[in-house]
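quick one, structure for this:
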Amino acid sequence: MRFRPRNHRDENPEVFTQLVKTNPYVARVYDYPELLIPHPNPENFQQLWDSKKNGCPLPSGKVHLEIGCGSGRYLIEWALENPHDSFIGLELRYKRLVLAAKKMKQQNLQNILLMRERGEFLAEYFQHNSIDCLHINFPDPWSKKARRKHRILSADFLNKMHPFFRSKGELRFKTDHLEYFESVTEILKKLKTYSIVEHTTDLHQSSYNENNILTEFEMLFKSKGNPPIGFLRAVIQ
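Got it, this is the predicted structure:
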């Protein structure tokens with residue numbers, strides 16, 4: 001059984017009070033129960049997720065998942081442009097989750113669900129053939145060679161993820177760490193279950209930039225001289 005963070009608000013209020021003094025966002029993640037699950041499990045996820053899917057204007061709407069959604073800029077823009085689709089954002093940092101939920105509430109967005117969860121545990125929440133698009137933007141590159149085993153995008157993760165994609169599903173990946181980008185590119189080329197259909201090592205100078213939705217990191221990069229960003233889109237075979 002894998003470790004789950006404890007819900008100190010309900011289980012140990014004294015500890016919770018101390019945590020809130022250090023980081024007030026530890027408490028504020030509970031302010032958006034219709035948008036954000038601070039302590040997800042399969043049961044509470046399914047209950048809230050069903051309500052999101054049932055509210056989708058068209059039953060054919062796609063299901064998008066973003067691992068590491070930050071404070072939600074990218075996910076929210078996608079949701080605004082695709083109101084018939086449903087979106088899930090995973091993030092670990094309290095402040096980023098709260099900022100994302102606040103933006104969603106301000107724009108009355110009901111087709112996004114946020115969870116404080118890691119991407120490695122998707123199998124606990126999703127059935128096979130249930131995801132149309134996986135978005136991974138600027139994940140931790142774990143630059144040191146000895147730490148690269150911790151990268152989210154590995155051959156093992158992609159193989160495990162494959163059954164969860166629907167027909168014609170796709171993976172979208174962006175990073176400013178070009179060694180990581182080329183590593184993922186080589187992994188995908190070796191896998192018969194994925195096919196790269198869009199690829200560039202300088203997104204903002206490519207033709208793909210016309211339809212690119214900026215993340216918070218990209219907004220920061222633009223103010224610092226636009227370092228090259230790798231982007232690829234792979235479809236499921």
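
how near is Asn12 to Arg28?
18 Å (CB to CB, to the nearest Å). Any C-beta I mention is one placed from the backbone N, CA and C, and that applies to glycine too.

do Glu117 as well
18 Å.

kindly report the same for Thr185.
39 Å.

in the protein, what helix or strand scores lowest on average pLDDT?
Lowest on mean pLDDT, DSSP states H and E among the helices and strands of the chain sits helix 42-54, with a mean of 83.

what's the burial count for the residue nearest to Lys62 when sequence neighbours are not counted?
Leaving out its chain neighbours, the residue that sits closest to Lys62 by CB to CB, 6 or more residues apart in numbering is Asp132, at 3.8 Å. Using other CB atoms under 10 Å, Asp132 has 19 other residues around it.

and Asp132, that's in a helix?
No: counting by DSSP: H, G, I helix; E, B strand; the rest coil, one finds Asp132 to be strand, located in no helix.

any idea of the pLDDT on it?
pLDDT, Asp132: 97.

what's near enough to touch it?
62-64, 85, 165-166, 168-170 (CB atoms under 8 Å, 6 or more residues apart in numbering).

tabulate those (a markdown table), appending neighbour count and pLDDT.
Compiled in a markdown table, those are given as follows (neighbours: other CB atoms under 10 Å; pLDDT from 0 to 100):
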| residue | neighbour count | pLDDT |
| --- | --- | --- |
| Lys62 | 18 | 93 |
| Val63 | 22 | 94 |
| His64 | 23 | 96 |
| Asp85 | 20 | 92 |
| Phe165 | 23 | 97 |
| Arg166 | 15 | 95 |
| Lys168 | 10 | 91 |
| Gly169 | 22 | 97 |
| Glu170 | 21 | 98 |
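
pull the most distant pair out of those residues.
Asp85 and Phe165 (15.0 Å; CB to CB).

and Asn137, how far from Ile229?
In terms of CB to CB, Asn137 sits 10 Å off from Ile229.

and the lengthiest strand in the chain, which strands flank it?
Counting by DSSP state E, the longest strand found in the chain is strand 165-175. Next to strand 165-175 in the sheet, as set by DSSP bridges, lie strand 131-137 (parallel), strand 230-236 (antiparallel).

okay, the nearest residue to Phe138 once chain neighbours are set aside: pLDDT?
Computed as CB to CB, 6+ apart, the closest residue to Phe138 that is not its neighbour in sequence is Phe217, at 4.7 Å. On pLDDT, Phe217 comes in at 89.

doesn't Ser195 make contact with Ala234?
Yes: counting by CB atoms under 8 Å, Ala234 does reach Ser195; the two are 6.2 Å apart.

between these two, who's got more neighbours?
Per other CB under 10 Å, whichever of Ala234 and Ser195 has more neighbours is Ala234, with 24 against 14.
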